[in-house]
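In: What would the 3D arrangement of this be:
(2 chains)
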Protein chains: 2
Amino acid sequence: MENSKLIGEYPFKVLPFEVDFRQKLTLPHLTNYILNSAGYHADSLGFGIKDVKESNKSWVITRLAIEINRYPKNDEKIRVRTWVDKVIRTFSLRNFAFLSQDGTEVLGYANSVWAMIDIDNRRPTDLTQIIPSEIFCDEPCPIAKVGKFPAADVDEFDSFSVKYSDVDFNQHLNSSKYIEHIIDSFTLFKFSKRDIKRFEIEYINESLFGERIAIHKKEVEAGKFVIELKNQAGTTICKSKVLFSDQTLNEEYIIK
Amino acid sequence: MENSKLIGEYPFKVLPFEVDFRQKLTLPHLTNYILNSAGYHADSLGFGIKDVKESNKSWVITRLAIEINRYPKNDEKIRVRTWVDKVIRTFSLRNFAFLSQDGTEVLGYANSVWAMIDIDNRRPTDLTQIIPSEIFCDEPCPIAKVGKFPAADVDEFDSFSVKYSDVDFNQHLNSSKYIEHIIDSFTLFKFSKRDIKRFEIEYINESLFGERIAIHKKEVEAGKFVIELKNQAGTTICKSKVLFSDQTLNEEYIIK
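Out: Down below sits the predicted model:
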């Protein structure tokens, strides 16, 4: 099949509550666009979250890498394109491209890895029987996949408790809220000078309402941070990498 | 003019990241719909945030009361109607109605009070010279306005720091994030049994990035809470009231 038929494309308009103090879309809200687009596309192909629930399964995202050339601004309309790259046993690899409204500017790319788990026993499903290879799409997504994470072998930097607004319908810390808590470990001053150029996360364990989560954050190179979230038992719930742009922004923000 | 011409109506679709573990739209996200609708309507009348910025002014919300009969669910499409009730010197009174997609069911109402302030000296503007009385609309909004707040004269219940994701373009804690932090002082167990029937907030002071905010929460009657947020100096930044439904929900939620 032609790539154009295998790619789902969804429009989004950046809303005021989705932007930061610089009027730029935040990474957790971009992640919501990513998750929504993946959901719409899977629905259109007949293996969305409602379809697979009938056989007591659910989709979980396990890895996500995002690279951004330019963050869209308040009121800007963008297009999110998504397609299934391929399936490797229990994993589905799904890519994304973010485009300006007229389609001429690539704002960035993302790639992700998903598993379909049994709701009761959390075991992964063999996806080769479920997702036909006819829908695999070789559209280029020229960014690296999630790589190895250097250890965040430092003391706790901060912590938070998982609250009502943090949890999804499974009562687990929701996928974009992991990212919100990670990004919130940086100051406004940092964002006044740099953009996040690349972000990577590996979701390792779920976290329930009321759990206290420790944030371990280490600058492994100039502008490159490793951030790990751990629960009270010391179990890692996710690992992430945040890479800030080399260049100081050509924008002036006065931090109050 | 006819009321129908004075009322702005805006469609919203409830997205997965806007719902709680019960698949119901959360109050902070409903507040985002309220703020967006107010913005769209003011824009259409020529006194939106971009218009008034030309004379170095900005809109701030000072009071908001919301009453909900039924919370919309994930994927549900709703309509938000809004109109200017009237102007009293430096205050504009704006009402809202939330309707089902087909318009036959009223999901709830809200009323709000706004001031237009000078960006530099924060002084309010005489709105009688700016908003013509021809646009006032007497459409009914049958819920009480924000009332008096009993004192939350109790020790600190919890606290939070104002982070990157909490602040708006003014670098202040944004209006719906006040509500998110207030609502997050309740447990999943509470929401598994009751809905918030009525919510009131009075915005008193702004809060900047990095400030530590204390939450004071007191149950003044069964199911009726007063919650006050205070900064490190002990200054109250907002007062709120949360009233839960009398009836236990006819829905089963098992809290993990």
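In: Every contact and neighbour count from this point should use C-alpha atoms.
Out: Fine.
In: which residue packs closest to residue A:13, ignoring adjacent ones?
Out: The spatial neighbour of residue A:13 that comes closest, neighbours along the chain excluded (C-alpha to C-alpha, 6 or more residues apart in numbering or on different chains), is residue A:77 at 4.3 Å.
In: How about residue A:223?
Out: Nearest residue to residue A:223, sequence neighbours excluded (C-alpha to C-alpha, 6+ apart): residue A:244, at 5.2 Å.
In: Might you report the residue contacts of the one you found?
Out: A:194-198, A:223-224 (C-alpha atoms under 8 Å, 6 or more residues apart in numbering or on different chains).
In: at 10 Å what do you get?
Out: A:190-191, A:193-199, A:222-225 (C-alpha atoms under 10 Å, 6 or more residues apart in numbering or on different chains).
In: Same question for residue A:14.
Out: Residue A:14 neighbours (C-alpha under 10 Å, 6+ apart): A:23-26, A:29-30, A:33, A:72-78.
In: export those residues to a markdown table and tack on distance to residue B:18 and neighbour count?
Out: Formatted as a markdown table, these follow (distance: C-alpha to C-alpha, whole Å; neighbours: other C-alpha atoms under 10 Å in any protein chain shown):
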| residue | distance to residue B:18 | neighbour count |
| --- | --- | --- |
| A:23 | 21 | 20 |
| A:24 | 20 | 20 |
| A:25 | 17 | 23 |
| A:26 | 16 | 23 |
| A:29 | 11 | 21 |
| A:30 | 14 | 21 |
| A:33 | 12 | 22 |
| A:72 | 21 | 22 |
| A:73 | 21 | 20 |
| A:74 | 19 | 18 |
| A:75 | 19 | 16 |
| A:76 | 20 | 15 |
| A:77 | 20 | 16 |
| A:78 | 20 | 22 |
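In: Just the strands from the stretch 101-250 of chain A, written as ranges.
Out: With DSSP state E, counting those that start in this stretch, the ranges of strands along the stretch 101-250 of chain A come out as A:106-118, A:156-161, A:196-203, A:212-221, A:224-230, A:236-244.
In: quick one: buried residues of the helix ranked longest in chain A?
Out: The longest helix of chain A (DSSP state H) is helix A:27-44. For helix A:27-44, burial by neighbour count (16 or more other C-alpha atoms under 10 Å in any protein chain shown) applies to A:27-42.
In: Among these, which one sits closest to residue A:255?
Out: Distance to residue A:255 across these (C-alpha to C-alpha) is lowest for residue A:27, with 20.2 Å.
In: That closest one against residue A:70, yeah?
Out: No - between residue A:27 and residue A:70 there is no contact, the gap being 11.8 Å when judged by C-alpha atoms under 10 Å.
In: So which residues on the stretch 1-150 of chain A come close to chain B?
Out: When proximity is defined by C-alpha under 10 Å from any C-alpha of the partner chain, the stretch 1-150 of chain A lies next to chain B at A:15-24, A:26-29, A:32-33, A:35-36, A:39.
In: quick one on the thing from earlier: so what's the residue nearest to residue A:223 scoring on pLDDT?
Out: According to the prediction, residue A:244 has pLDDT 98.
In: Residue A:92 against residue A:124, yeah?
Out: No - counting by C-alpha under 10 Å, residue A:92 does not reach residue A:124; the two are 11.3 Å apart.
In: These two: which is more packed in?
Out: Set residue A:92 next to residue A:124 and count neighbours by other C-alpha atoms under 10 Å in any protein chain shown: residue A:92 wins out with 24 against 18.
In: most tightly surrounded among the strands of the stretch 101-250 of chain A?
Out: Using mean count of other C-alpha atoms under 10 Å in any protein chain shown, the stretch among those with the largest mean neighbour count is strand A:224-230, at a mean of 23.
In: Just want the angle from that strand to strand A:196-203.
Out: For strand A:224-230 against strand A:196-203, the angle by axes from the mean of the first three to the mean of the last three C-alpha atoms, to 10 degrees is 30 degrees.
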